[in-house]
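Enquirer: next comes the sequence, and after it the predicted model I'd like to discuss.
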Amino acid sequence: MGDNMKTIEKIVGVALLILCIASGSALLKTDMVFFRWVMGLALGYVLSRSFFGFAGSINRAYRTGSTKLMRALMLMFVLSSILSASFLIFGDPTKYDLWVNPINAGLVIGGVLFGFGMSCSSCCATGTLTDLVTGLPRALITLLFFGIGVFVGFPIQAKADWVKKSLVSTATFPSGVFIPDWFGGNKRIEYIGAIAVTMVFAGIVIALSYLYEKKRKQSNTYTGVDTETVQEKLSDLDSARYKLLSGATYDRIFVKPWTLVEGAVILSVLFTLLMGVTKEGWGASTPFGFWFGRLLRVFGVSTDAITSFTNKPAGPFTMPFVENPMNMQNIGIVVGTLIYLLMAGMFTKVFTSGLKITPLDALVYALGGFAMGFGTRLSNGCNVGALYTPIANFSLSGWIFLIALVAGGMLGNAILKNVYRACVKK
């Protein structure tokens, strides 16, 4: 792609960023919807610029042997839990909508299904949103069937005791296990203890990740990830060549990828800001089911039939799309990804490279989307709603979900590898 095209993209990217902030401020009805919109823009930008994603933590490990992303996730979990504790330790945790999810069969089955789906679609819920810009056909198919999976799973999530009720619980949140309750009696001890537990669990995952990566290197099956190599090479600033007003400075500020560690730190800050303002965590998957319900209404399905089936109120299916804060946050993630690629002058190259898929690919993506969507209803969330937010909120359910997620992801990757190998032989 020529330099002129890259320059045009950069100008469009800057203009789009300004337009998104200005139009959002002027047109969105409430401060909370505007905040969610801006938060979505920021999340999409950071996720794409740091090549950060939840699905990649397992897919990269299986396919390349690299566990750098998994280790970065653990750093993010620890930082987020520490920052979350700074809110909780000075107040009543029940005043926050903490995602202390149930521990039951649904959590495990949902985690396995979600991990399996991630391997098929090479993305998760938030990854589907960012991939609408970087891999449109794959993301569209995944999103459609993800929404179907969520929609079909709504009744089970609403009625099934093996999804709703926790097998074990603690006093503060009977919905599940709130780790600070293990150290009851003194708030400082409770949260220091909970942070210590989070660090221990994260340390175990990091140690296992290093051992796994070492084994792959020793067996000569480690290939590494190209983007991770690029991130490390471009992370250092050459101060000897620094000029304030120059193309190099623009590239440093807006173009050069952030490292996985930088992405983890910034995402932790954004998560804490989100929690502090909204009093709840980061979720992404539930709106996909509402979007599918809206699609059904377009094709003539009545609102009464939809609400009767899903056990959900009519509002999310009928209210103006832009008045729903979660809708705007999710759309903001898509636009934030677009803004980064434009400002980096990479949009045309990245967008066109992800357009080609085969019929088998489409089938696999559909399966992956449905498995993830349905799995979120059993586990009461996706990678942000059942993994990241619960862990940052000191819920034991998040760590159990992680184990199920890894198992499902490894299983899915193994099956997928054999399927494509068999098709190639034919």
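Expert: Everything's here; your move.
Enquirer: which residues in this protein form strands?
Expert: Counting by DSSP state E, one finds no strands in the chain.
Enquirer: quick check: buried residues in the helix-or-strand element of it with minimal mean pLDDT?
Expert: The helix or strand of the chain with the poorest confidence is helix 247-250; it has a mean of 72 (mean pLDDT, DSSP states H and E). Residues of helix 247-250 classed as buried under the neighbour-count rule (16 or more other CB atoms under 10 Å) are Tyr250. Every residue, glycine included, has its C-beta placed from N, CA and C.
Enquirer: go on, stretch 282-298?
Expert: For stretch 282-298, by 16+ other CB under 10 Å, it's 282-294, 296.
Enquirer: what's the closest of the residues you listed to Thr389?
Expert: Trp282 (5.4 Å; CB to CB).
Enquirer: and the closest one, how far is that from Ala171?
Expert: Distance of Trp282 to Ala171, computed by CB to CB, to the nearest Å: 26 Å.
Enquirer: again, but for Ser219
Expert: 48 Å.
Enquirer: and what of Ser80?
Expert: 24 Å.
Enquirer: those two: which has the busier surroundings?
Expert: Ser80 (26 against 8; other CB atoms under 10 Å).
Enquirer: surely that one meets Ala392?
Expert: Yes. In this structure Ser80 lies within contact range of Ala392 using CB atoms under 8 Å: 3.8 Å.
Enquirer: list residues touching both of the two?
Expert: Phe271 (CB atoms under 8 Å, 6 or more residues apart in numbering).
Enquirer: circling back: restricting to C-alpha, output the least confident helix or strand of the chain in PDB.
Expert: Extracted C-alpha coordinates of helix 247-250, given in PDB (Å, rounded to 0.1, in the frame of the first residue of the first chain):
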ATOM      1  CA  GLY A 247       6.700  11.200  11.500                       C
ATOM      2  CA  ALA A 248       8.700   9.100  13.900                       C
ATOM      3  CA  THR A 249       7.000  10.700  16.900                       C
ATOM      4  CA  TYR A 250       3.600  10.200  15.400                       C
END
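Enquirer: how far off centre is that helix?
Expert: 30 Å (CA atoms, centre = their mean, to the nearest Å).
Enquirer: cool, and stretch 263-283?
Expert: The answer for stretch 263-283 is 12 Å, by CA atoms, centre = their mean.
Enquirer: name the residues that touch it?
Expert: Counting by CB under 8 Å, 6+ apart, 32, 35-36, 39, 42-43, 46-47, 49-52, 72-73, 75-76, 79-80, 83-84, 86-87, 95-99, 258, 326, 381-382, 384-385, 388-390, 392-393 sit against stretch 263-283.
Enquirer: out of those, which are inside helices?
Expert: 32, 35-36, 39, 42-43, 46-47, 49, 72-73, 75-76, 79-80, 83-84, 86-87, 326, 389-390, 392 (DSSP state H).
Enquirer: list the contacts for Thr126?
Expert: Applying CB under 8 Å, 6+ apart, the residues near Thr126 are Leu43, Leu47, Gly53, Phe54, Ala284, Ile333, Cys382, Asn383, Val384.
Enquirer: that older thread, need the buried ones from the contacts of stretch 263-283 selected in PyMOL.
Expert: Typed into PyMOL, the line below selects the buried ones among those, using 16+ other CB under 10 Å:
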select buried, resi 35+36+39+42+43+46+47+49+50+51+52+72+73+75+76+79+80+83+84+96+98+99+258+326+381+382+384+385+388+389+390+392+393
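Enquirer: got a list of what Ile206 touches?
Expert: Met70, Arg71, Met74.
Enquirer: I'd like to know how many residues surround the first one.
Expert: Other residues near Met70 number 24, with proximity taken as other CB under 10 Å.
Enquirer: would you confirm that it contacts Asn59?
Expert: No. Met70 is not in contact with Asn59 according to CB under 8 Å; the separation is 10.5 Å.
Enquirer: what do these two both touch?
Expert: With CB under 8 Å, 6+ apart, Met70 and Asn59 have no common neighbours.
Enquirer: ok, the nearest residue to Gly332 once chain neighbours are set aside to Ala414 distance?
Expert: Distances taken as CB to CB, 6 or more residues apart in numbering put Gly40 closest to Gly332, at 2.0 Å, once the chain neighbours are dropped. Remark: distance between Gly40 and Ala414 (CB to CB) = 34 Å.
Enquirer: for Ile8, same thing?
Expert: 44 Å.
Enquirer: the residue nearest to Leu73 when sequence neighbours are not counted: neighbour count?
Expert: Spatially, and ignoring its direct neighbours in sequence, Leu73 is nearest to Ser57 (5.3 Å; CB to CB, 6+ apart). Per other CB under 10 Å, the neighbour tally for Ser57 reads 29.
Enquirer: ditto for Asp161
Expert: By other CB under 10 Å, neighbour count at Asp161 equals 10.
Enquirer: could I get the buried residues of stretch 282-298 as CSV with distance to Lys164 and pLDDT?
Expert: Formatted as CSV, the buried residues of stretch 282-298 follow (distance: CB to CB, whole Å; pLDDT from 0 to 100):
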residue, distance to Lys164, pLDDT
Trp282, 22, 92
Gly283, 17, 90
Ala284, 21, 91
Ser285, 17, 94
Thr286, 15, 96
Pro287, 21, 96
Phe288, 20, 97
Gly289, 17, 97
Phe290, 20, 98
Trp291, 24, 98
Phe292, 22, 98
Gly293, 21, 97
Arg294, 26, 97
Leu296, 25, 97
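Enquirer: show me these that map onto helices.
Expert: Those of the buried residues of stretch 282-298 lying in helices (DSSP H): Thr286, Pro287, Phe288, Gly289, Phe290, Trp291, Phe292, Gly293, Arg294, Leu296.
Enquirer: and the residues you listed, which two are furthest apart?
Expert: Spanning the widest gap among these are Thr286 and Leu296, at 16.2 Å by CB to CB.
Enquirer: quick check: the farthest pair among the buried residues of stretch 282-298?
Expert: Distance extremes for the buried residues of stretch 282-298: the farthest pair is Trp282 and Leu296 at 26.9 Å, using CB to CB.
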